[in-house]
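Participant: Turn this into a structure:
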Amino acid sequence: MNSVFSHLASHIPLRKELKLRIEGNIGIVCSAHDFRVHYLNETALMIFNLIDGKRSIAEIARRFLEMVDVERAVFEPDLIEAIRNFQWQKLIVLKTNP
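Facilitator: The predicted model follows:
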């Protein structure tokens, strides 16, 4: 298990988008923070849709791996990168799971 992943596994991402629109396999998200528009590819959109304010990062990983045939060791770093990108774009914040 990736050490960054294990550190963040219990954190719960909370979405902060103003509007999400899906066109085919692309997500178009408007940030509530600065009203910027962000485009999500198919994988990022799948991850973003799993963020519901209740699931931890570990639970999001588990659900994603149930839907897509990819190895956990390959996916975990990609998930962390997506979570970081969502944070930098101010589309989510992380809260600690008590």
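Participant: Quick one: neighbours of the residue nearest to residue 79 when sequence neighbours are not counted, just the number.
Facilitator: Leaving aside its sequence neighbours, residue 79 sits nearest to residue 61 (C-beta to C-beta, 6 or more residues apart in numbering; 5.6 Å). In this view, the C-beta of every residue, glycine as well, is placed from N, C-alpha and C. By other C-beta atoms under 10 Å, 21 other residues sit near residue 61.
Participant: Kindly confirm whether my reading is correct that residue 61 touches residue 77.
Facilitator: No: when contacts are counted by C-beta atoms under 8 Å, residue 61 is not listed as touching residue 77 (10.9 Å).
Participant: residues in contact with whichever strand or helix holds residue 62?
Facilitator: In the assignment (DSSP states H and E), residue 62 maps to helix 57-67. Helix 57-67 is contacted by residues 5, 8-13, 46-47, 50-51, 55, 72, 75-76, 79-80, 83 when judged by C-beta atoms under 8 Å, 6 or more residues apart in numbering.
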